[in-house]
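[1] Prediction below, plus the sequence it came from.
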Amino acid sequence: MRHSKATEMLFEQVIDQTPKEIKQEVEWSYEIADKIYDALHRKGLSQKEFARLAGTSEAAVSKWIGGGHNFTLATLAKISAVLGESMIQIA
Amino acid sequence: MTKATIQSVTQTETAGLFTICFEGDSYTEFQKFIIKGNESATLKPDLQKILTAIQRMMNAVGFLERYFRPEGKMRDRVAALPIETSKLRLYCLRLSDSVLIVGNGGQKTSKTYNEDSELNGYVINLQKLDNILREAEKKGSIRIEETTIEGVDDITFDL
């Protein structure tokens, strides 16, 4: 298969030029998304049931576990309370 | 009808990223998307988030289904990689957790992509490619193998 070196280099160049705060924001949003998803699986909770317990919609839960979501502290606190485990850890 | 090839962009142990290039074009569709976003002061941060997200997926757990928003029709594999706080959309063909073909995209200014002729065109191209790939997979001439697509070397697709 033909490899587009130009596309690869452009992709890497933009990432290299991406500010640290944007990289951190993306990393955190996906880490938290994965953490929520893993917790749901461990606890055998469906997204529907989790949405009900969290007082929100399934669509909202889908956004939470989809990555890229800009969580508020209030939402993180709610999720942590419902799941019984903290979504964030401050060293 | 236009002709296109599938080209590889980058690969990790976890995943392979590909894009399409139309016959006669100097740039691949993914290049065009990146250039478009990079040249816009308002879209650049959103572009950076999308590309950072793709890199994270490739270095971590792959192109998980829940990371993508289904677009197109129920039966196809066309998806968007959205950024929640933005209207920038990158349209892709998610073939597996480890294989993603990224097309083009842009700013969504209408309620649905098919109300926007530019975005609609990008989705339609991916839908056409998806149909061709599905038929070829059924026949066994194309296979999605781990992080790559076997059987597409030197093939030009009629879209």
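    That came through fine. These numbers come from a predicted model, not from an experiment.

[2] Report the secondary structure state of B:T5.
    The local conformation at B:T5, judged by DSSP: H, G, I helix; E, B strand; the rest coil, is strand.

[3] List the contacts of the longest helix anywhere in chain B.
    Secondary structure of chain B read by DSSP state H shows that its longest helix is helix B:117-139. Residues from elsewhere that reach helix B:117-139 (C-beta atoms under 8 Å, 6 or more residues apart in numbering or on different chains): B:2, B:4, B:6, B:20, B:29, B:71-73, B:76-78, B:89, B:91-93, B:95, B:101, B:103-106, B:108, B:113-114, B:142-144, B:151, B:157-159. Any C-beta I mention is one placed from the backbone N, CA and C, and that applies to glycine too.

[4] neighbours around the nearest residue to B:D76 once chain neighbours are set aside, how many?
    In space, B:D76 comes closest to B:D130 once its chain neighbours are excluded; the distance is 4.8 Å by C-beta to C-beta, 6 or more residues apart in numbering or on different chains. Residues near B:D130, counting by other C-beta atoms under 10 Å in any protein chain shown, number 20.

[5] for the one 4 residues further on, same thing?
    Taking other C-beta under 10 Å as the neighbour definition, B:R134 ends up with a count of 15.

[6] and B:D158, bridged to which residues?
    B:K3 (DSSP bridges).

[7] which bits of chain A sit near chain B?
    A:1-4, A:6-8, A:10-12, A:14-15, A:17-19, A:22-23, A:25-27, A:30, A:33-34, A:37, A:62-63, A:65-70 (C-beta under 8 Å from any C-beta of the partner chain).

[8] what are the ranges of the strands in chain B?
    B:3-11, B:16-22, B:69-70, B:78-82, B:88-94, B:99-107, B:143-145, B:148-150, B:157-158 (DSSP state E).

[9] returning to what we had before: any of the residues of chain A next to chain B buried? List them.
    Listed as buried from the residues of chain A next to chain B are A:1, A:4, A:7-8, A:10-11, A:14, A:18, A:22-23, A:25-26, A:30, A:33-34, A:37, A:63, A:65-69; burial here means 16 or more other C-beta atoms under 10 Å in any protein chain shown.

[10] Can you give me every residue that contacts residue 33?
    All of this is about chain A. Here A:A33 is in contact with A:W64, A:I65, A:G66, A:G67, A:G68, A:H69, B:R66 (criterion: C-beta under 8 Å, 6+ apart).

[11] oops, chain B please
    By C-beta under 8 Å, 6+ apart, the neighbours of B:F33 are B:L47, B:L90, B:V102, B:G103, B:N104, B:G105, B:G106.

[12] Let's see that with 6 Å instead.
    B:N104, B:G105 (C-beta atoms under 6 Å, 6 or more residues apart in numbering or on different chains).

[13] ok, now A:H69?
    Here A:H69 is in contact with A:S29, A:K63, B:E84 (criterion: C-beta under 6 Å, 6+ apart).

[14] So which of the residues you listed sits lowest on pLDDT?
    The member of the contacts of A:H69 with the lowest pLDDT is B:E84, at 76.

[15] That'll do, ta.
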